[in-house]
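[1] the sequence isn't on hand, but the structure is:
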């Protein structure tokens, strides 16, 4: 460790003042000096001043002693400062371990005063967290379309390698949308939170999107749906109340696996607090379409409230390419793009199984 000023002052005092004083016989030295003066050829007036020379020498020595004492005092303060700094460094080095021990604890120490707890800034939460979470007995939505011209842009089957591209386009046009997610590509699950953080709504579309598994029974459907819910909860902190059935509520493929299952599910999901959203407009990207065909299909609707079906799987590059033209068209027609919330218009298909 670097020497303090106290240590430097101490060494200076020993070498310059204390050691010469200790090692010399000043009485004998004084006699020798007196003899030299008396026997010298100096003028008489010089010899008469020898006492003043001695006094001057003593004054100089006293000044050295006082200066040394001053340095000692300053050095003492520096030494205390060094000690304090060392103690502070030791305390700081121990802080991480102490904090870790505190974090591992679950309560206050015995006899401690709860008023001494450190005040923490409350975590700011998104208002959607409580409003959009599934709540038994609280089914969202309205069936009144209203006069406002609105497009609800919805994307099924993601997140995928295309999700980031879709989000960039939505940001460019300042458009909000709704993503009905699956767990088909878990390597892209972080995009769920990314979409949510950018202001979009997250809904559930089942985890596997495997018709044979999802529609094999009522229990199988809810097991798959809640698996998707847990995936979303892992990313944004809650299970959303917005869902879309694979194939929509009107699908007939479910009859191949369980007769009448859709009739049961449309009631049961609402009993648990979910609302299902079908669509009244489609881009056509559920099949094979060119970019131009997707644009033509999507822009062929003119009703006040449009719930537009699109897909966000890795194979839907044409959808990504068509998206800017679709958005520009509806904006030019005076439509506003919104993400689904609890007050949004609900589209239900007729049930065919």
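    Perfect, I can see it now. Predicted, not measured: the structure shown is a model, and the values here were computed from it.
[2] hey, which helix or strand in this protein has the poorest pLDDT?
    Ranked by mean pLDDT, DSSP states H and E, the weakest helix or strand in the chain is helix 44-48, scoring a mean of 52.
[3] and the gap between residue 351 and residue 141?
    17 Å (CB to CB, to the nearest Å). Quick note: C-beta positions are derived from backbone N, CA and C, even for glycine.
[4] again, but for residue 300
    25 Å.
[5] could you check which of those two is surrounded by more residues?
    residue 141 (19 against 10; other CB atoms under 10 Å).
[6] quick check, residue 58 in a helix?
    Yes: the assignment for residue 58 is a helix, going by DSSP: H, G, I helix; E, B strand; the rest coil.
[7] what's the spacing between it and residue 274?
    With CB to CB as the criterion, residue 58 and residue 274 are 102 Å apart.
[8] look at these two and report which has more neighbours.
    The residue with more neighbours, out of residue 58 and residue 274, is residue 274; 24 against 10, by other CB under 10 Å.
[9] any idea what the closest residue in space to that one that isn't next to it in sequence is bridged to?
    Nearest non-adjacent residue to residue 274, counting by CB to CB, 6 or more residues apart in numbering: residue 243, 5.0 Å away. Beta bridges link residue 243 to residue 204, residue 276 when assigned by DSSP bridges.
[10] element containing residue 258, please.
    Residue 258 is part of no helix or strand when elements are defined by DSSP states H and E.
[11] so how far is residue 218 from it?
    8 Å.
[12] which one of the two has more residues nearby?
    residue 258 (18 against 13).
[13] contacts only, for the more buried one.
    Neighbouring residues of residue 258 by CB atoms under 8 Å, 6 or more residues apart in numbering: 215, 216, 217, 218.
[14] just curious, which of the residues you listed is nearest to residue 188?
    Residue 188 lies nearest to residue 215 out of those, by CB to CB, at 25.0 Å.
[15] so that closest one sits against residue 261, correct?
    Yes: taking CB atoms under 8 Å as the definition, residue 215 is a contact partner of residue 261 at 5.5 Å.
[16] overlap in contacts of the two?
    221, 254.
[17] which stretches of the stretch 101-250 of the chain have low pLDDT?
    101-125 (pLDDT under 70).
[18] hey, where'd the strands end up in it?
    Per DSSP state E, counting those that start in this stretch, the stretch 101-250 of the chain carries strands over the ranges 150-156, 178-181, 201-204, 242-243.
[19] could you pull out the helices for the stretch 151-300 of the chain?
    163-172, 190-197, 211-214, 218-236, 261-271, 291-298 (DSSP state H, counting those that start in this stretch).
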